[in-house]
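based on what follows, work out the 3D shape:
(2 chains)
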Amino acid sequence: MLDVGRIRQDFPILSRQVHGKPLIYLDNAATTQKPNQVIDALTHYYRHFNANIHRGIHQLSEEGTEAYENTRARVARFINAYGTEEIIFTRNTTESINLLAYTLGRQRVERGDEIVLTQMEHHSNLVPWQILAQEKGATLKFIRVDDEGELVREDFDLIGPRTKIVSIVHMSNVLGTINPVTELAQRAHAAGAVMIVDGAQSAPHMPIDVRALDCDFFAFSAHKMLGPTGVGVLWGRRAMLESMPPFMGGGEMISLVGEQTSTWKELPWKFEAGTPNIADVIAFDAALDYLEGMGMGAVREHEIAMAQAAMERLGALDGLVIYGPKDPQRRGAAIAFNYGELHPHDVGTVLDRHGIAVRAGHHCAQPLMRRLGQVATVRASFYIYNTLEEIDALVEGLRETERFFSAEAAGARTK
Amino acid sequence: MSTQDVELDDLYREIILDHYRKPRNKGRLEHAEMSAEGLNPVCGDEIRLELRLGLDGRIAEIAFGGRGCSISQASASMLTEDVKGKTFAEARGRIDQFRAMMTEGSAPPQDDSGDIESLQGVAKFPARVKCAMLSWNVLQQAMSEGAASAPGKDDGNE
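A predicted model of the protein is given here:
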């Protein structure tokens, strides 16, 4: 079990107030808060060894390069990659997937080919493939989502001889559903297709072993797992990364530059053109250190307990509908719901006045919203520093929202 | 009453909640001459406006539809009451005044009955200004598209 009380002391923002109330931060699927260790690592870099990396002969540059590459090695261990050179730093998950669409996608996908996604994809794992499909004359196929928020298994047969790429979210940012990635990867490989996993929501919340997942690429973001904004990761199998053309050209990624042609650096630098986000990558190491200190298994256990309690206590409210799997073992701790006729925006505004931060909207998953028959939902998403008391505060905030908008209360207030 | 309640009441004035619960001119127009739809990209809310002009070129009938939060629904409801009977030029003036009220904190129109004034508090909630503006932007769109397709109906404001 996590020592949540002690963990909370590491997060300075959790002691601030919002509208005169203690902050209750339940928007962790959007981004998580940062512990002192990460904030200190960031300022320490700028105070003590700021320099450009991979090129200086001087001491600062060597220290910076070492710290930057240390993070890469830790990321490789964190997801059990085969090698450190398989870790590419990007800006975020979105850029990681775009990198694949623009390199691997352009290389492999031709007119008439198919790309298989699901109905529950975040726009970041949908729009890049739309752009590619339109450019190439390819077709996107979608594995449907059933009423429980799980993938429709018979649609796995969409993966067929014309499929070149299968790109699937590991854990839904709306439903919380954990998808059977390993099984889908095996189906993809049997069809000769490449398997890409959007791990933006899974990497922060459960142990990740890319070898066991059997996928070819895995993308995630640092800022959703205690790290700074502006750092994304793309893991890929070495042979595939080597066969792909570069994404962006420029400094850092070249070996020999002539007037007409150039040659590329070896992995992973072939995919990291220009000065990278040195400071934030270095601070990301502190975030991974923090997570490893707790153990990702313990993080997952905490979130199963939070998801279970949240679903029980929210579900007790009359007229509240929770979307996604009911079994906490089959889902993450992002809980999307609607409460009677109340609009998510109105719920979000009233909760905010109680210091409670939730997300209200379409969660960058408009096709899934249409599948659910909703324009928007409220989403409360939990992390390592959230407590059962905060779930109770959320429930009480929802009760007050209901009272506020109910017709009975209307007459009691003045114009 | 705590400060927090006062602030919420600033946003959710009773007139707003009344328009939200009992929207005016909500539904479809049978013989709409111009229409437009708009989307709030933050939440996916949609508003549709339909207009029919009288022989004098004034907005004779107007109706709105779509799903949205209390602010966007109430604002659309108020809009329909506000611009009915107005020329396009007058309606454009109302849109400008409403936008200035939302984004610059300007005063509501002088002849306002108090309904539109009730949305003044929304300006203090930046995340919700888009909700209040949605239907007004849709009206502007409907009028410019309608004016383009039926120039004789425009009163030549542009």
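
from here on, contacts and neighbour counts on C-alpha atoms
OK.

chain neighbours aside, what residue packs nearest to the residue of chain B at minimum distance from chain A?
Closest approach between chain B and chain A, counting by C-alpha to the nearest C-alpha: B:C43, at 4.0 Å. Once flanking residues are discounted, B:C43 sits nearest to A:G361: 4.0 Å by C-alpha to C-alpha, 6 or more residues apart in numbering or on different chains.

who's in contact with the one you found?
When contacts are counted by C-alpha atoms under 8 Å, 6 or more residues apart in numbering or on different chains, A:G361 touches A:344-345, A:375-378, B:42-44.

and of the residues you listed, the nearest to A:A393?
A:A393 has its nearest neighbour among those in A:V378, at 15.4 Å by C-alpha to C-alpha.

tell me if that closest one really is in a strand.
Yes: residue state for A:V378 (DSSP: H, G, I helix; E, B strand; the rest coil) corresponds to a strand.

hmm, A:P128 is touching A:I97, no?
Yes: with contact defined as C-alpha atoms under 8 Å, A:P128 and A:I97 form a contacting pair (7.2 Å).

between the two, which one's more packed in?
It is A:I97, of A:P128 and A:I97, that has more neighbours when counted by other C-alpha atoms under 10 Å in any protein chain shown, with 29 against 19.

in which helix or strand does the more buried one reside?
Using DSSP states H and E, A:I97 falls within helix A:93-100.

now swap in A:A309 and tell me
Following DSSP H and E, one finds A:A309 within helix A:296-315.

name the residue of the stretch 151-300 of chain A that lies nearest to chain B.
For the stretch 151-300 of chain A, C-alpha to the nearest C-alpha, closest residue to chain B: A:V174, 13.7 Å.

wait, what's in contact with that residue?
A:V174 touches A:323-324, A:334-336, A:363, A:365, A:379, counting by C-alpha under 8 Å, 6+ apart.

re the thing from before, for the helix holding A:A309, what does the pLDDT average out to?
On average, the pLDDT along helix A:296-315 is 98.

repeat that for stretch A:62-74.
96.

show me what counts as buried in that stretch.
For stretch A:62-74, a neighbour-count test (16 or more other C-alpha atoms under 10 Å in any protein chain shown) marks A:62-65, A:67-74 as buried.

how about these, which pair is most distant?
Longest span within these, C-alpha to C-alpha: A:E62 and A:R74, 18.3 Å.

and the helix holding A:I97, how far from the chain's centre?
Distance, stretch centre to chain centre, for helix A:93-100: 12 Å (C-alpha atoms, centre = their mean, to the nearest Å).

correct me, but A:Q119 touches A:K141?
No: A:Q119 is not in contact with A:K141 according to C-alpha under 8 Å; the separation is 9.3 Å.

quick one, which of those two is more surrounded?
The neighbour count for A:Q119 versus A:K141, taken as other C-alpha under 10 Å, is higher for A:Q119 (23 against 17).

turn the contacts of A:G361 into JSON lines, including distance to A:G5, pLDDT and neighbour count.
Formatted as JSON lines, the contacts of A:G361 follow (distance: C-alpha to C-alpha, whole Å; pLDDT from 0 to 100; neighbours: other C-alpha atoms under 10 Å in any protein chain shown):
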{"residue": "A:P344", "distance to A:G5": "30", "pLDDT": "95", "neighbour count": "26"}
{"residue": "A:H345", "distance to A:G5": "31", "pLDDT": "92", "neighbour count": "26"}
{"residue": "A:V375", "distance to A:G5": "37", "pLDDT": "87", "neighbour count": "20"}
{"residue": "A:A376", "distance to A:G5": "33", "pLDDT": "92", "neighbour count": "28"}
{"residue": "A:T377", "distance to A:G5": "30", "pLDDT": "95", "neighbour count": "29"}
{"residue": "A:V378", "distance to A:G5": "27", "pLDDT": "97", "neighbour count": "24"}
{"residue": "B:V42", "distance to A:G5": "35", "pLDDT": "74", "neighbour count": "17"}
{"residue": "B:C43", "distance to A:G5": "34", "pLDDT": "71", "neighbour count": "23"}
{"residue": "B:G44", "distance to A:G5": "38", "pLDDT": "72", "neighbour count": "20"}
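
between those residues, which is nearest A:W264?
Nearest to A:W264 among the contacts of A:G361 is B:V42, at 41.1 Å by C-alpha to C-alpha.

per-residue pLDDT, residue 156?
Chain wasn't specified; assuming chain A. 98.

looking at chain B here, not the other one
Looking at B:G156, its pLDDT reads 39.

check A:A407 too.
A:A407 carries a pLDDT value of 62.

confirm that A:I115 sits in a strand.
Yes: counting by three-state DSSP, A:I115 falls inside a strand.

how close does it get to A:I159?
Distance of A:I115 to A:I159, computed by C-alpha to C-alpha, to the nearest Å: 9 Å.

between the two, what contacts are shared?
When contacts are counted by C-alpha under 8 Å, 6+ apart, A:I115 and A:I159 have A:V166 as shared neighbours.

which residues sit in contact with the closest residue in space to A:S262 that isn't next to it in sequence?
Once flanking residues are discounted, A:S262 sits nearest to A:L256: 5.5 Å by C-alpha to C-alpha, 6+ apart. By C-alpha under 8 Å, 6+ apart, the contact list for A:L256 reads A:262-264.

one step back: contacts made by the helix holding A:I97 with the rest, please.
Contact with helix A:93-100 is made by A:90, A:124-125, A:128, A:198, A:200, A:219-221, A:232-234, A:247, as judged by C-alpha under 8 Å, 6+ apart.

in the chain, what helix or strand scores lowest on average pLDDT?
Using chain A. Taking mean pLDDT, DSSP states H and E as the measure, chain A has helix A:407-410 as its least confident helix or strand, at a mean of 53.

mind checking how far B:G66 is from B:S72?
The spacing between B:G66 and B:S72, counted by C-alpha to C-alpha, is 10 Å.

of the two, give the one with the bigger neighbour count.
Comparing B:G66 with B:S72 by neighbour count (other C-alpha under 10 Å), the higher total belongs to B:S72, at 28 against 17.

what residues does chain A put near chain B?
Contacts of chain A with chain B, taken as C-alpha under 8 Å from any C-alpha of the partner chain, map to A:19-20, A:342-346, A:350, A:353-354, A:360-362, A:366, A:375-376, A:405, A:410, A:413-415.

keep only those of these that are in helices.
Secondary structure from DSSP state H places A:344-346, A:350, A:353, A:366, A:405, A:410 of the residues of chain A next to chain B in helices.

who's the residue in the stretch 251-400 of chain A that chain B sits nearest to bridged to?
Relative to chain B, the nearest point of the stretch 251-400 of chain A is A:G361 (4.0 Å; C-alpha to the nearest C-alpha). Counting by DSSP bridges, A:G361 is bridged to A:T377.

show me the contacts for the most centrally placed residue in chain A.
Among the residues of chain A, the one closest to the centroid is A:A200, at 1.9 Å (C-alpha atoms, centre = their mean). For A:A200, the contact set (C-alpha under 8 Å, 6+ apart) comprises A:93, A:170-171, A:219-221, A:224.

if we can go back for a sec, most widely separated two among the ones in helices among the residues of chain A next to chain B?
Within these, A:Q366 and A:A410 form the most distant pair, 33.4 Å apart (C-alpha to C-alpha).

look at those two and report which has more neighbours.
A:Q366 (21 against 16).

state the distance from that one to A:V257.
44 Å.

what stretches of chain B score poorly on pLDDT?
Within chain B, the set of residues satisfying pLDDT under 70 comprises B:1-6, B:148-158.

give me the residue from the stretch 1-150 of chain A nearest chain B.
Using C-alpha to the nearest C-alpha, A:H19 is the residue of the stretch 1-150 of chain A that sits closest to chain B, at 6.9 Å.

and the pLDDT at that residue?
At A:H19, pLDDT is 93.

what's near enough to touch residue 137?
Since you didn't name a chain, this refers to chain A. A:110-113.

try again with chain B
Listed by C-alpha under 8 Å, 6+ apart, the contact partners of B:N137 are B:38, B:95.

in strands, which of the contacts of A:L256 appear?
Per DSSP state E, strands hold the following members of the contacts of A:L256: A:262-264.
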